[in-house]
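Novice: take a look and give me a structure for this.
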Amino acid sequence: EVQLVESGGGLVQPGGSLRLSCLASGFTFGSYDMSWIRQAPGKGPEWVSTIYTTSNTNYPDSVKGRFTISRDNANNAKNTLYLQMNSLKPEDAGVYYCARKVKPAQYDYWGQGTPVTVSS
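Specialist: Numbering: from 1, shown residues only. Okay, the predicted model is just below:
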């Protein structure tokens with residue numbers, strides 16, 4: 001059974017940092033591209049970052065230079081996706097999901113999400 005479990009969200013002041021984690025299980029983690037997607041209250045999902053099996057990464061302009069996606073698939077017990085978020089802005093607030101990417105802009109499994117609030 002494929003499982004994606006996010007953690008690390010919380011309340012942070014503008015300009016602060018958070019590191020999100022997503023523990024993956026039930027599939028060969030290193031064989032899939034993985035993404036982070038967020039959803040702000042009242043808005044649709046917004047793609048935040050992707051890391052490919054090649055370890056190449058991609059970001060939208062809204063987070064480029066502030067967010068860093070990475071992965072640890074050294075062994076099955078530590079199949080984890082990360083999102084380091086720096087210089088956070090109020091518009092970065094939302095629920096952050098990790099997702100397994102199967103095609104461009106298509107994801108077949110999502111985690112339950114972890115909430116991020118950016119407020120003073």
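Novice: so where's this structure shaky on pLDDT?
Specialist: Counting by pLDDT under 70, the low-confidence segments of the chain come to 75-77.
Novice: excluding sequence neighbours, find me the nearest residue to the residue located most distally from the centre of the chain.
Specialist: The outermost residue of the chain, judged by C-alpha distance from the chain's mean C-alpha position using C-alpha atoms, centre = their mean, is residue 120 at 23.2 Å. Closest residue to residue 120 in three dimensions, ignoring its sequence neighbours and counting by C-beta to C-beta, 6 or more residues apart in numbering: residue 13, at 5.2 Å. All C-beta spots, glycine's among them, are computed from the backbone N, C-alpha and C.
Novice: and for residue 70?
Specialist: In space, not counting the residues next to it along the chain, residue 70 is nearest to residue 82; the distance is 4.7 Å by C-beta to C-beta, 6+ apart.
Novice: re the thing from before, wait, the residue farthest from the centre of the chain touches residue 11, no?
Specialist: No - Residue 120 lies out of contact with residue 11 (C-beta atoms under 8 Å); the separation is 10.1 Å.
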